[in-house]
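Chemist: Coordinates for the following, if possible.
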Amino acid sequence: MKVEINQDEMIELSEVFNSIRLKTQDGESLTVCMRDSGFEFNYEGEIYHAKNGRLIHIEKFADKSNMPPEVRQRNP
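Modeler: Okay, the predicted model is just below:
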């Protein structure tokens, strides 16, 4: 994982292949992980895949055959 401060003074992480969890004082959480291409994140138990401007709610696929191949291999 690489950590930098960008020109907007924002913490910028790259090569984040281990999950990062952000947790509020009330216990609400958001977990983010980079994949070879795109991101996966979990917000309060709901799992999403984000890639090329598209956001896919992974849990909505009752029939896994309709799931994009790169997502399906991580969610058999």
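Chemist: ok, which stretches of the chain are strands?
Modeler: Remark: strands assigned in the chain by DSSP state E are 2-5, 11-14, 20-23, 29-34, 39-43, 46-51, 54-57.
Chemist: The last one: how far from the chain's middle?
Modeler: Same thing as strand 54-57. 10 Å (C-alpha atoms, centre = their mean, to the nearest Å).
Chemist: So for that strand, mean pLDDT?
Modeler: Confidence for strand 54-57, expressed as mean pLDDT, is 90.
Chemist: just checking, what packs against it?
Modeler: Packing partners of strand 54-57 (3 or more C-beta pairs under 8 Å, 6 or more residues apart in numbering; DSSP states H and E): strand 46-51. (Glycine included, C-beta is placed from N, CA and C.)
Chemist: What of the third one?
Modeler: The helices and strands touching strand 20-23, judged by 3+ C-beta pairs under 8 Å, 6+ apart, are strand 29-34.
Chemist: do that again at 10 Å, thanks
Modeler: strand 29-34, strand 39-43 (3 or more C-beta pairs under 10 Å, 6 or more residues apart in numbering; DSSP states H and E).
Chemist: Mean pLDDT added to those, as a markdown table?
Modeler: Converted to a markdown table, the helices and strands packed on strand 20-23 look like this (pLDDT from 0 to 100):
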| stretch | mean pLDDT |
| --- | --- |
| strand 29-34 | 90 |
| strand 39-43 | 89 |
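Chemist: ok so, going back, mean neighbour count added to the strands of the chain, as TSV?
Modeler: Formatted as TSV, these follow (neighbours: other C-beta atoms under 10 Å):
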stretch	mean neighbour count
strand 2-5	9
strand 11-14	10
strand 20-23	11
strand 29-34	15
strand 39-43	16
strand 46-51	16
strand 54-57	12
